[in-house]
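> coords below, sequence missing:
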């Protein structure tokens, strides 16, 4: 509104009012941020509804900007969409600066905000990367928290890109079997819905599978027995023979040892083999050697008779 007051030199006065006489239009608008809460590394978008602007500058509150000019804006009613990824976690308050064709500017502020949460960092505690199958191992979560507590653990165990098992506890126990390379994946998620993934591998070796036979298992003491190693899979580099009579023989070339049993009896024989990876296994044959001496006896069906 414009008022004018006129005063004559004799003191007479008059007033005139022009309501809404001067109209300053200027640009205006509104904006929305979506989604309002994201995890570090994710993208937010700002949709701005604009009236009467030929230029728009979006200030993201971290030094980043987006600029729109007459290639996008008509000076009438326009809608622009700008998406952006913040470089670090924080609470951000973007603003939009509008300018019309007459150079008048207007700033849209405090209409919406963007919360960027810190993402947790998934990690599996370092352990031996291989073992002798079957081998049980407790996998330990070593993940680092983001802005809140981790609430979900998804473990995936796969062989040749095919899932063979899974677990949903923080520190699962798993039994590895056979000669296999396992790919292990851990996905974590916190209470803000922020996720992270890490992977590792574990190799299980079946190792040597022990077996043996003896050239003879029955007789009478003293009795010499030659044992023959028949182990399969990985080749052994060490043999331990436990003969069951208190004697043990251990070495690196003992594939066909000979042992002399000095007394009759039943003897349980055990073979332990170890391979180049340090894997060992045992086979036992209970009462495998049976040594006994026959007892002589004489009897007559007619102890008394007459000579012819």
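The structure has been received and is ready for your questions. Predicted model only: the values in this text are computed from it and were never measured. Numbering: from 1, shown residues only.
> so what's the residue most central in space within the chain up against?
The residue lying closest to the centre of the chain (C-alpha atoms, centre = their mean) is residue 186, at 1.6 Å. Counting by C-beta atoms under 8 Å, 6 or more residues apart in numbering, residue 186 makes contact with 122, 124, 139, 141, 143, 153, 154, 155, 156, 197, 198, 199. For the C-beta atoms, the positions are set from N, CA and C on the backbone; glycine is no exception.
> same check on residue 284?
Each residue near residue 284 by C-beta under 8 Å, 6+ apart is listed here: 268, 269, 270, 271.
> count the neighbours of the nearest residue to the second one once chain neighbours are set aside for me.
It refers to residue 269. Excluding the flanking residues, the one nearest residue 269 by C-beta to C-beta, 6 or more residues apart in numbering is residue 288, at 4.6 Å. By the measure other C-beta atoms under 10 Å, the count of residues near residue 288 is 19.
> before we move on, which element is residue 288 in?
strand 280-291 (DSSP states H and E).
> same check, this time on residue 97
Using DSSP H and E, the element containing residue 97 is strand 95-99.
> residues touching the next helix or strand after that strand, excluding its own?
The C-terminal neighbour of strand 95-99 among helices and strands, as given by DSSP H and E, is strand 105-108. Residues outside strand 105-108 that contact it (C-beta under 8 Å, 6+ apart): 26, 27, 28, 29, 30, 31, 48, 95, 96, 97, 98, 99.
> shouldn't residue 85 be in contact with residue 40?
No: Residue 85 lies out of contact with residue 40 (C-beta atoms under 8 Å); the separation is 9.2 Å.
> among the two, which residue is more densely surrounded?
It is residue 40, of residue 85 and residue 40, that has more neighbours when counted by other C-beta under 10 Å, with 19 against 13.
> so what does the lowest-mean-pLDDT helix or strand in the chain touch, helix or strand wise?
Least confident helix or strand of the chain, by mean pLDDT, DSSP states H and E, is strand 2-7 with a mean of 78. Using 3 or more C-beta pairs under 8 Å, 6 or more residues apart in numbering; DSSP states H and E as the contact test, the elements touching strand 2-7 are strand 13-18.
> many thanks, we can stop here.
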